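Asker: missing the sequence, but the structure's below:
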């Protein structure tokens, strides 16, 4: 019998491809939560301020603040004295 040496099978490293779990999942959920909660809270504040000032476009300001984020927030802060008929 010939005893030809057969090479050992080469084991490749297992690549991890999974759904985040543990601390990674908490970080992802925290960032996702902040990216929805902060714009929603600011939109509510802008809506309440605009309605308090008598603006006919309070809903438009709120939607714009939610979708446009920082740009609309700064724009509203700059022009809020001119929004509506009276100031608070």
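Answerer: On my side now, so go ahead. Values in this document were obtained by computation on a predicted structure and should not be read as measured data. Numbers count the residues shown, from 1 in each chain.

Asker: use CA for all of it now, contacts and neighbours both
Answerer: Noted.

Asker: max-length helix in this protein?
Answerer: When every helix of the chain is counted residue by residue (DSSP state H), the longest turns out to be helix 23-52.

Asker: show me what that helix is packed against.
Answerer: Here helix 23-52 touches helix 58-68, going by 3 or more C-alpha pairs under 8 Å, 6 or more residues apart in numbering; DSSP states H and E.

Asker: now the helix it packs on: mean pLDDT?
Answerer: The average of the pLDDT scores along helix 58-68 is 93.

Asker: from residue 26, how far out is residue 37?
Answerer: Relative to residue 26, residue 37 is positioned 16 Å away (C-alpha to C-alpha, to the nearest Å).

Asker: tell me the angle the longest helix of the chain makes with helix 58-68.
Answerer: Helix 23-52 and helix 58-68 are oriented at 160 degrees to each other (axes from the mean of the first three to the mean of the last three C-alpha atoms, to 10 degrees).

Asker: what is the mean pLDDT for helix 23-52?
Answerer: The predicted model assigns helix 23-52 a mean pLDDT of 92.

Asker: list the buried residues for that helix?
Answerer: 39-40, 42-44, 46-47, 49-52 (16 or more other C-alpha atoms under 10 Å).

Asker: cool, and stretch 72-88?
Answerer: The neighbour-count check on stretch 72-88 (16+ other C-alpha under 10 Å) flags 72-73, 76, 80, 83-84 as buried.

Asker: go ahead and flag the most central residue of this structure.
Answerer: When C-alpha atoms, centre = their mean is applied to the chain, the residue found nearest the centroid is residue 35 (2.2 Å).

Asker: roughly how far apart are that one and residue 29?
Answerer: When C-alpha to C-alpha is applied, the distance between residue 35 and residue 29 equals 10 Å.

Asker: same deal with residue 61?
Answerer: Using C-alpha to C-alpha, residue 61 is found at 28 Å from residue 29.

Asker: returning to what we had before: now find how far off-centre the longest helix of the chain is within its chain.
Answerer: 7 Å (C-alpha atoms, centre = their mean, to the nearest Å).

Asker: ditto for stretch 67-85
Answerer: Counting by C-alpha atoms, centre = their mean, stretch 67-85 is centred 20 Å from the centre of its parent chain.

Asker: cool, stretch 75-88 as well?
Answerer: A distance of 27 Å separates the centroid of the chain from that of stretch 75-88, by C-alpha atoms, centre = their mean.

Asker: good, we can wrap up now.
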